[in-house]
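**Q** build me a model from this:
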Amino acid sequence: MAWAELTDCRAYYEVIGEGEPLLLIPGLGATCRLWDPIVPELARHFTLIMLDNRGMGLSKAKRKPRTLADYSTDYAELLDHLNVDETHVLGLSLGGIAAQRFAVDHPQRIKRLILMSCADRFSPYLLRITALLGHSLRWFPRMLFLQTMELLATAPLYLDEHVDEIDRMMKEKCNDPVPKSAMATQLRCLLRSELEPADYRITAPTLVVAGQYDALIPSCYAKIMADKIPGSQFVLLKGAGHNPLTEMPDTSLPLCIKFLRDGEIEVPETVEAPAATSSKNKPAGASPVKELVMSPSKGSHT
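**A** Residues are numbered from 1 along each chain as shown. Below you'll find the predicted structure:
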């Protein structure tokens, strides 16, 4: 257990593993414990830097974050504290949106970037999803709020096959709940954090990963984001929901490790999606959709 005294945060972090550094940024309401199931495998390849975002878990805010730029500053200061000049970054959900801001603000600090289950802008659909989460957080009993989140985030077949495990996890979260105020702060930061298109520049080699059945941030928005990042690679995981690292670790984890280690990805079976626009008008970062033709089945998530 370790803390770093940053300008606006007493940040809790853990460092584990061997190899090049990899900063892991968790999503909405999550702490560094989110990564526990995949730490053993990732730590074989990388030195993992796992933190609780400002105001979450064991990290204490000296000043409340107002936008994701505040989180970006925390990440840069934590790397300074650890004497890390450059790191790989993997961000999931809100963590992926915060990772984009970090990549824009501190491009020299990122070697390779994975953006998982996230978007770069808030369309009307995403604004309504965010409003739904905010209202349900405020008014729903804690268990009902968690069930709402799970229903939107989890692939249908995965939920069917793991319902008892998911229910146990939600009961544990109810017994040790994340403060509503902390989650509300994160939601407000999201809504205040969009960059103007002219300021959205990500130069790090980037892999964008989305799940086919993610209703929180549907894959179409991840693809739109990937098209704005020059040279980025996009993979749609068929059968996955909002957290492919939980639902399809045997598929998503090797994909991430390969990209971070070699800058390449291996997709066992791929299909080329029809182009939405002509090549003449295609954005600079646009690339074919790679779909992993795999989906959860019983016995595959032991």
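**Q** is residue 48 in a helix, a strand, or coil?
**A** The assignment at residue 48 comes out as strand when based on DSSP: H, G, I helix; E, B strand; the rest coil.
**Q** beta-bridge partners for it, please?
**A** residue 16, residue 22 (DSSP bridges).
**Q** give me the residues contacting whatever helix or strand residue 165 lives in.
**A** Element membership for residue 165 (DSSP states H and E) is helix 163-175. The set of residues external to helix 163-175 that reach it, using CB atoms under 8 Å, 6 or more residues apart in numbering, is 142-143, 146-147, 150, 154, 159. Using the backbone N, CA and C atoms, a C-beta is placed for each residue, glycine as well.
**Q** list the buried residues for the very next helix or strand once past that helix?
**A** Per DSSP H and E, helix 163-175 leads on to helix 180-191 as the next helix or strand towards the C-terminus. For helix 180-191, the neighbour count (16 or more other CB atoms under 10 Å) marks 182-183, 185-190 as buried.
**Q** hey, where'd the helices end up in this structure?
**A** 39-42, 68-81, 94-105, 124-139, 142-153, 156-161, 163-175, 180-191, 219-227, 244-247, 249-262 (DSSP state H).
**Q** now for those helices, which one comes closest to residue 53?
**A** Nearest of the helices of the chain to residue 53, taken as CB to CB: helix 68-81 at 6.0 Å.
**Q** tell me the mean pLDDT for the closest one?
**A** Mean pLDDT, helix 68-81: 97.
**Q** same thing with stretch 259-276?
**A** 64.
**Q** will you turn the contacts of helix 163-175 into CSV that also has distance to residue 116, neighbour count and pLDDT?
**A** Formatted as CSV, these follow (distance: CB to CB, whole Å; neighbours: other CB atoms under 10 Å; pLDDT from 0 to 100):
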residue, distance to residue 116, neighbour count, pLDDT
142, 26, 15, 91
143, 26, 14, 93
146, 21, 21, 92
147, 23, 16, 93
150, 18, 17, 93
154, 15, 25, 96
159, 19, 18, 96
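**Q** specify which member of those residues is nearest to residue 112.
**A** Closest to residue 112, out of all of the contacts of helix 163-175 and judged by CB to CB, is residue 154, at 27.9 Å.
**Q** tell me how many other residues surround the closest residue in space to that closest one that isn't next to it in sequence.
**A** Of all residues not flanking residue 154 in the chain, residue 241 sits nearest, at 4.6 Å (CB to CB, 6 or more residues apart in numbering). Neighbour count of residue 241, defined by other CB atoms under 10 Å: 27.
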